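# Below is the structure, and that's it, no one-letter string:
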């Protein structure tokens, strides 16, 4: 019996993604930028928003949900705050643009806040945390989504899983927290189901209202578990409200009325820590905190890692050994190139 996965060199994946996007009508610059996002997400082990998501990205282009020719337009600015319209352009390109603008504003004002309405899925939110932190900035960003999670105590979905990203520079890399408000993203549930694996911890309810580790049962019930139960549900609600308020864009309940998730609202905040009075002491301060954190006594054979640390390990492994890809996913990608 053949293995359900193959390994694909990063350069091969990047070249194939770029070729497919050029075929879809992207300019060379935009094609390569998008191809790099999907490839880098896969290198870092976020396959659900890398190679696994790429066929759907192309499908949405073909259906006209994503306008590959759109450019974001500035709607309003005051001080270090900007509101942009994404014009339904490619989500990763709009997010990169917004992150760059937030950093530019932070250089001028110390802090920059860029909100983005009417955009598409940004794929892996952590990409923009890495982008800003590697450039020397603290980053806070989030997006709303279509409704796919019930609030605590309810059975019908009124909340998005509204991923939140927080990041800061650390040594030559970064500390990056990238988390959905559901215990597992739907992409993670889909991947676990494809691999016929159970979740490490309970991730939601089945149709009978029982907590379960079965990803298929959670996808069927559409009742993923909010992180921290009522706390995650409350945070999801506030992230949605703030994304809609700050961007002047759609909220979860409005996004959900559409046939597919589109026209979401996002916020990108950058802080230039070089402007802080304690800037000279920050690197040592963070190093001391992480060293103390690593002194945690592990439970059994579990490893202790800060947010983003395992990404660095996966990145190195996948660059050396190739990116593991499910056969059925790679076959879908190959069809797009033919």
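Cool, the structure landed. Every value quoted in this text rests on a predicted model; they were computed, and no experiment measured them. Residues are numbered from 1 along each chain as shown.
# Helix or strand with the lowest mean pLDDT in the protein?
One helix or strand of the chain scores below all others by mean pLDDT, DSSP states H and E: helix 186-194, with a mean of 86.
# Partner strands of the one helix or strand residue 169 maps to and their direction?
Using DSSP states H and E, residue 169 falls within strand 164-170. Here strand 164-170 is paired, per DSSP bridges, with strand 137-143 (antiparallel), strand 173-179 (antiparallel).
# show me the contacts for the nearest residue to residue 142 once chain neighbours are set aside.
Take residue 142 and drop its neighbours on the chain: the residue closest to it by CB to CB, 6 or more residues apart in numbering is residue 164, 4.5 Å away. (Each C-beta comes from the backbone N, C-alpha and C, glycine too.) Neighbour list for residue 164: 125, 140, 141, 142, 177, 178, 179, 181, 235, 239 [criterion: CB atoms under 8 Å, 6 or more residues apart in numbering].
# residues in contact with the closest residue to residue 9 other than its chain neighbours?
Counting by CB to CB, 6+ apart, residue 9 lies nearest to residue 322, which is 5.1 Å off, once chain neighbours are set aside. Residue 322 is in contact with 7, 8, 9, 10, counting by CB under 8 Å, 6+ apart.
# Just the ones of the residues you listed in helices?
Of those, the ones assigned to helices by DSSP state H are residue 10.
# Need the contact partners of the helix or strand hosting residue 324.
Residue 324 belongs to strand 323-326 when elements are defined using DSSP H and E. Defining contact as CB under 8 Å, 6+ apart, one finds that strand 323-326 is touched by 4-10, 13, 42-43, 47, 51-52, 194-195, 318.
# now with 6 Å?
Here strand 323-326 makes contact (CB atoms under 6 Å, 6 or more residues apart in numbering) with 5, 6, 7, 8, 42, 51.
# so what does the least confident helix or strand of the chain touch, helix or strand wise?
helix 215-221 (3 or more CB pairs under 6 Å, 6 or more residues apart in numbering; DSSP states H and E).
# list the buried ones in the helix it packs on?
215, 216, 217, 218, 219, 221 (16 or more other CB atoms under 10 Å).
# Closest to residue 65 out of these?
Distance to residue 65 across the buried residues of helix 215-221 (CB to CB) is lowest for residue 219, with 21.7 Å.
# before we move on, back to that, only whichever of the contacts of residue 322 are buried, select them in PyMOL.
Typed into PyMOL, the line below selects the buried ones among these, using 16+ other CB under 10 Å:
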select buried, resi 8+10
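# Put together TSV for the contacts of residue 322, with pLDDT and distance to residue 259 on each row.
Below are those laid out as TSV (pLDDT from 0 to 100; distance: CB to CB, whole Å):
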residue	pLDDT	distance to residue 259
7	97	36
8	98	32
9	98	37
10	98	34
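# top of the contacts of residue 164 by neighbour count?
residue 141 (29 neighbours; other CB atoms under 10 Å).
# Please name the residues that touch it.
Residue 141 neighbours (CB under 6 Å, 6+ apart): 128, 165, 268.
# Likewise for residue 175?
Residue 175 neighbours (CB under 6 Å, 6+ apart): 168, 306, 307, 308.
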